[in-house]
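1. Show me how the following folds:
(chains A and B)
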Amino acid sequence: DVKVTQSSRYLVKRTGEKVFLECVQDMDHENMFWYRQDPGLGLRLIYFSYDVKMKEKGDIPEGYSVSREKKERFSLILESASTNQTSMYLCASSRDRALNTQYFGPGTRLTVL
Amino acid sequence: RKEVEQDPGPFNVPEGATVAFNCTYSNSASQSFFWYRQDCRKEPKLLMSVYSSGNEDGRFTAQLNRASQYISLLIRDSKLSDSATYLCVVTPFRSSNTGKLIFGQGTTLQVKP
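-> The predicted structure follows:
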């Protein structure tokens, strides 16, 4: 069974803080993704990575950066958190570029005050 | 225009009813199609892939109409446990080697006793 874990279920931060969201998958997947999910907007892709140290911008990368130093770990970084980054953040992984099934972590509900 | 459009609902149906959701996609070059299910406060999970010839999995039937660029999901004999949000998912244009997916905002189903 694929397992994707995220470091926190709930997080409260203040405007201007640097925020790290961690995601770990245990199935040796090549691809990893970060999404945010907001009511009425659905899932929107922030960044993804298809290999260690590789990253690609998704649809809404502004205000975010990522790091993938090890295959199993993909970190999302909010350099200076803002209130409009309050959201549910979901990490996902998939085996490789050819197979599209994505497995999601439980999500991190981030509130920026 | 959104790449994937769904009626957000909610669809309120009694137990035992048959319910159908449609989803339209904008890019005729999309190759792969899926339905994901997301329970309240949980992560999305793959429900089923959608094949050109249509496919069935128990009470669930998925159909693809490439000419009209829509996908449907039919649920027969609805159960209380079917209450969830159903996400229509397609591969974006020129994504055959990235593993990226485009998610619709979801259709919410509430099955009532």
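
2. Every contact and neighbour count from this point should use C-alpha atoms.
-> OK.

3. I'd like the distance between B:I75 and chain A.
-> Taking C-alpha to the nearest C-alpha, to the nearest Å as the measure, B:I75 falls 21 Å from chain A.

4. If I follow the layout properly, A:S93 ends up in contact with A:Q102?
-> Yes. A:S93 lies in contact with A:Q102 (C-alpha atoms under 8 Å); the separation is 5.4 Å.

5. who's more crowded, the two?
-> Remark: of A:S93 and A:Q102, A:S93 carries more neighbours, 32 against 23, as counted by other C-alpha atoms under 10 Å in any protein chain shown.

6. what sits against the more buried one?
-> A:V4, A:Q25, A:H29, A:E30, A:N31, A:M32, A:F33, A:Q102, A:Y103, A:F104 (C-alpha atoms under 8 Å, 6 or more residues apart in numbering or on different chains).

7. I'd say A:L45 and A:Q37 touch.
-> No. The pair A:L45 / A:Q37 is not scored as a contact, 9.0 Å apart, by C-alpha under 8 Å.

8. More neighbours: these two, which one.
-> Per other C-alpha under 10 Å, whichever of A:L45 and A:Q37 has more neighbours is A:L45, with 22 against 18.

9. what's the strand or helix carrying that one packed up against?
-> Element membership for A:L45, per DSSP states H and E: strand A:42-49. Identification of packing neighbours for strand A:42-49 by 3 or more C-alpha pairs under 8 Å, 6 or more residues apart in numbering or on different chains; DSSP states H and E yields strand A:31-38, strand A:56-57, strand A:64-70, strand B:102-103.
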